[in-house]
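Participant: I'll drop the sequence and a predicted model, then ask my questions.
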Amino acid sequence: MGSTHLQAYQSVPNAEVAAVASSDARKRSGDLSAIEGNLDRPGEAMDFGDAARYATVEEMLADSNLDAVDLCLPSYLHAATTLEALKAGKHVLVEKPMALSGEECDSMVEAARENGRVLMVAQVLRFWPDYARAREIIRSGEIGPVKTAFFRRKCAAPAWGKWMQDRSRSGGGVFDLLIHDFDFALHLFGKPSSITAHGVEEIEKGIDVVEAELDYGGSQLVSISGGWHHPKSYPFSMEFSIVCEGGTLDFHSGLRRLTLYRGDGSSEEPQLSQQDGFVTQLSAFADACDSGAASEFCPPGESALATRMTIAMRTSREQGGKPITI
């Protein structure tokens, strides 16, 4: 994700990459060709120009020339490093998941407030063109109220980072992966009253899957599913189907772009933003830093709540589907 963000910053006019930090000397040189991940965005050789190079985050945070830091670190380092950065007077963008516990999230939000700095979590789905356009259509009311919504995200168990298989450091596969969809459900529908989940966790086999239901009361059903399906070769995909009174919004990353199937039998592909979702996200962060105020579109308090929702899903699965109140 660090490589992806570096590429995206090239299209953010009010942001300048002034420093990079990595314990890997090869990466500090700009050679990111060995980078792997879920998305089809391979690493590449980059020219860091006059940017400072640091072997540790601590050295970078001591650089008084830096206004903000973008933390693309293993999940178990998010909370502590964010706190250090905020105390050092830096604005912070931290990759998802925000942290591994609700209490850590709360401490991060409080530190941002105490130090008067911007904190934003990289919940990129809020900025992804297909998801963002679906949100606009739903909020416009043109196809009526939502009846049901289904979100799914699947991939191979990652082989590029052993810490991912250690639940104490990653939160587990379904936590790390599906926090995107729990955050988007929160963004669209607000806080559910409870979450119920069933699934299988066999990390040693590369299997970590879940089917979850979010209770919003009444007849509205929101479900989220997916996870890890064996290592290495299983393809990444994300999808949703949102059924409204006047039509269904459907998207699948590997099959079709966002399509609206109307109740009268017609269909259309809504016009999407042509800007890359990562560029849109990082532009929102840069704008927030310029203004000195947290992004209203992706506030840290909501990211903390999304973390709690995703933990509730994992807890419900552990307890055989017991509803967990949020």
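Facilitator: That came through fine.
Participant: Which parts of the chain are strands?
Facilitator: In the chain, the strands defined using DSSP state E lie at 19-21, 52-54, 68-71, 91-95, 119-122, 146-157, 194-202, 207-215, 221-231, 237-244, 247-252, 256-262, 267-268, 324-325.
Participant: Which neighbours in the sheet does the third one have, and how are they oriented?
Facilitator: Strand pairing for strand 68-71, using DSSP bridges, gives strand 91-95 (parallel).
Participant: what's the strand it pairs with in contact with?
Facilitator: Applying Cβ atoms under 8 Å, 6 or more residues apart in numbering, the contact partners of strand 91-95 are 1, 67-73, 78, 81-82, 85-86, 108, 112, 117-122, 282, 285, 288-289. Where you see a C-beta, it was placed from the backbone N, CA and C, and this is true even at glycine.
Participant: from memory residue 241 sits against residue 150, does it?
Facilitator: Yes: between residue 241 and residue 150 there is a contact under Cβ atoms under 8 Å: 4.8 Å.
Participant: tell me the most buried of the strands of the chain?
Facilitator: Comparing these by mean neighbour count (mean count of other Cβ atoms under 10 Å), strand 119-122 ranks first with a mean of 27.
Participant: quick one: low-confidence parts of this protein?
Facilitator: Counting by pLDDT under 70, the low-confidence segments of the chain come to 36-42.
Participant: any idea how it splits into domains?
Facilitator: Domain assignment for the chain, taken from automatic domain parsing, gives 2-122, 125-280+305-325.
Participant: Now distance to residue 293 too, for the ones you listed, in CSV please.
Facilitator: Listed next are those as CSV, based on distance: least, Cβ to Cβ, whole Å:
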stretch, distance to residue 293
domain 2-122, 7
domain 125-280+305-325, 17
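Participant: quick one: which of those domains is nearest residue 294?
Facilitator: For the domains of the chain, proximity to residue 294 was assessed by Cβ to Cβ; domain 2-122 is nearest, at 5.6 Å.
Participant: What separation is found between the N-terminal and C-terminal residues of that closest one?
Facilitator: 12 Å (Cα to Cα, to the nearest Å).
Participant: remind me, longest helix of the chain?
Facilitator: Criterion DSSP state H: the longest helix present in the chain is helix 300-318.
Participant: That one vs strand 221-231, what angle?
Facilitator: Between the axes of helix 300-318 and strand 221-231, defined by axes from the mean of the first three to the mean of the last three Cα atoms, to 10 degrees, the angle is 70 degrees.
Participant: List of residues touching stretch 101-108?
Facilitator: In contact with stretch 101-108 (Cβ under 8 Å, 6+ apart) are residues 78-79, 82-83, 86, 94, 98-99, 119, 300, 303-304, 307-308, 311.
Participant: how close does the closest residue to residue 233 other than its chain neighbours sit to residue 72?
Facilitator: Once flanking residues are discounted, residue 233 sits nearest to residue 156: 6.2 Å by Cβ to Cβ, 6 or more residues apart in numbering. Plainly put, residue 156 is 20 Å away from residue 72 if you go by Cβ to Cβ, to the nearest Å.
Participant: residues contacting the nearest residue to residue 5 once chain neighbours are set aside?
Facilitator: Spatial nearest neighbour of residue 5, chain neighbours left out: residue 70 (5.6 Å); criterion: Cβ to Cβ, 6+ apart. Residue 70 is in contact with 2, 5, 93, 282, 285, counting by Cβ under 8 Å, 6+ apart.
Participant: repeat for residue 131
Facilitator: Counted by Cβ under 8 Å, 6+ apart, residue 131 has contacts 125, 184, 240, 251.
Participant: one more time with 7 Å, if that's ok
Facilitator: 125, 184 (Cβ atoms under 7 Å, 6 or more residues apart in numbering).
Participant: Quick check: it vs residue 261, distance?
Facilitator: 17 Å.
Participant: pull the CA atoms of stretch 19-32 into PDB?
Facilitator: Extracted in PDB, the C-alpha atoms of stretch 19-32 (Å, rounded to 0.1, in the frame of the first residue of the first chain):
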ATOM      1  CA  ALA A  19      10.600  12.000   3.000                       C
ATOM      2  CA  VAL A  20      10.400   8.200   2.900                       C
ATOM      3  CA  ALA A  21      11.000   5.700   5.700                       C
ATOM      4  CA  SER A  22      11.700   2.000   5.400                       C
ATOM      5  CA  SER A  23      13.900  -0.500   7.100                       C
ATOM      6  CA  ASP A  24      14.600  -1.900   3.700                       C
ATOM      7  CA  ALA A  25      17.500  -0.100   2.000                       C
ATOM      8  CA  ARG A  26      16.400  -1.300  -1.400                       C
ATOM      9  CA  LYS A  27      13.000   0.400  -1.000                       C
ATOM     10  CA  ARG A  28      14.600   3.500   0.300                       C
ATOM     11  CA  SER A  29      16.500   3.700  -3.000                       C
ATOM     12  CA  GLY A  30      13.200   3.800  -4.900                       C
ATOM     13  CA  ASP A  31      13.200   0.200  -6.100                       C
ATOM     14  CA  LEU A  32       9.700  -1.000  -5.200                       C
END
